[in-house]
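Colleague: Below is the structure, and that's it, no one-letter string:
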């Protein structure tokens with residue numbers, strides 16, 4: 001019932017927005033309107049998602065929420081970074097006044113359920129994501145909003161929403177004052193270490209939330225995830241393992257499915 005109500009709210013909001021969205025946009029030398037596109041998702045508060053040929057088009061809902069890091073140079077700085085699973089923008093999108101209005105990304109199709117995939121396969125995919133995280137950390141890119149809702153699994157696991165990422169070389173001024181003071185320092189190692197810790201924390205949390213999403217419902221989600229978080233923090237200190245991919249490898253059986261492992265974890269934290 002709640003899901004149906006939310007869908008109705010999304011549709012009403014989208015219809016109200018049409019008067020704002022009915023205008024032309026540009027990607028490279030191509031001009032288009034939303035009526036040239038296939039609507040993919042209207043549920044997000046920050047972007048409406050369309051498809052145009054082999055591109056996902058994300059148009060910012062700037063009349064609803066401001067996003068400081070939707071900055072032309074920030075978006076352009078992501079293009080061409082050779083990540084494999086954390087997808088980065090491929091083109092900036094402009095309105096007809098040449099103001100940045102969003103960005104394009106590759107289309108990832110064929111989404112399927114993750115419950116029955118093996119832990120062996122999941123961990124292999126997680127290691128690829130972890131290597132992407134290390135690459136982006138080296139380039140001083142701060143990851144944000146890494147969560148299950150921003151993923152697609154189609155035999156490979158992709159993180160598909162870069163809308164909150166920040167290239168510190170470009171956008172340090174948009175950070176909150178406590179953090180932005182850190183980036184005024186000239187010690188690049190201190191800056192990079194902060195970014196690595198942040199990005200590692202983002203991926204760590206994503207991993208157990210992604211796994212547990214196969215067995216949790218809206219009624220037990222928050223409490224169980226809190227207990228899992230506490231359990232992983234305890235194990236991390238106990239085993240001196242601070243990367244949760246390595247931790248999960250130690251406590252799981254690679255022949256298990258994700259759902260079987262999640263069920264085991266849930267039972268363990270509720271003992």
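Modeller: Cool, got the structure. In this text, all values refer to a predicted model and were calculated from it rather than measured experimentally.
Colleague: any idea which helix is longest in the protein?
Modeller: Counting residues, the longest helix found in the chain (DSSP state H) is helix 188-212.
Colleague: Which residues belonging to that helix are considered buried?
Modeller: 191, 194-196, 199-200, 202-212 (16 or more other CB atoms under 10 Å). Bear in mind the C-beta positions are built from the backbone N, C-alpha and C, glycine included.
Colleague: helices or strands up against the helix or strand following it?
Modeller: Toward the C-terminus, helix 188-212 is succeeded by helix 221-239 as the next helix or strand (DSSP states H and E). The contact analysis (3 or more CB pairs under 8 Å, 6 or more residues apart in numbering; DSSP states H and E) places helix 221-239 against helix 188-212, helix 244-251, helix 258-269.
Colleague: Tabulate those (CSV), appending mean pLDDT and distance to residue 48.
Modeller: Putting these into CSV (pLDDT from 0 to 100; distance: least, CB to CB, whole Å) gives the following:
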stretch, mean pLDDT, distance to residue 48
helix 188-212, 92, 24
helix 244-251, 95, 33
helix 258-269, 95, 31
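Colleague: of all these, which lies closest to residue 136?
Modeller: helix 188-212 (6.6 Å; CB to CB).
Colleague: So what's the gap between that closest one and the chain middle?
Modeller: Centroid separation for helix 188-212 versus its chain: 12 Å, with CA atoms, centre = their mean, to the nearest Å.
Colleague: Which other helices and strands does that helix contact?
Modeller: Packed next to helix 188-212, using 3+ CB pairs under 8 Å, 6+ apart, are helix 119-138, strand 141-142, helix 177-182, helix 221-239, helix 244-251, helix 258-269.
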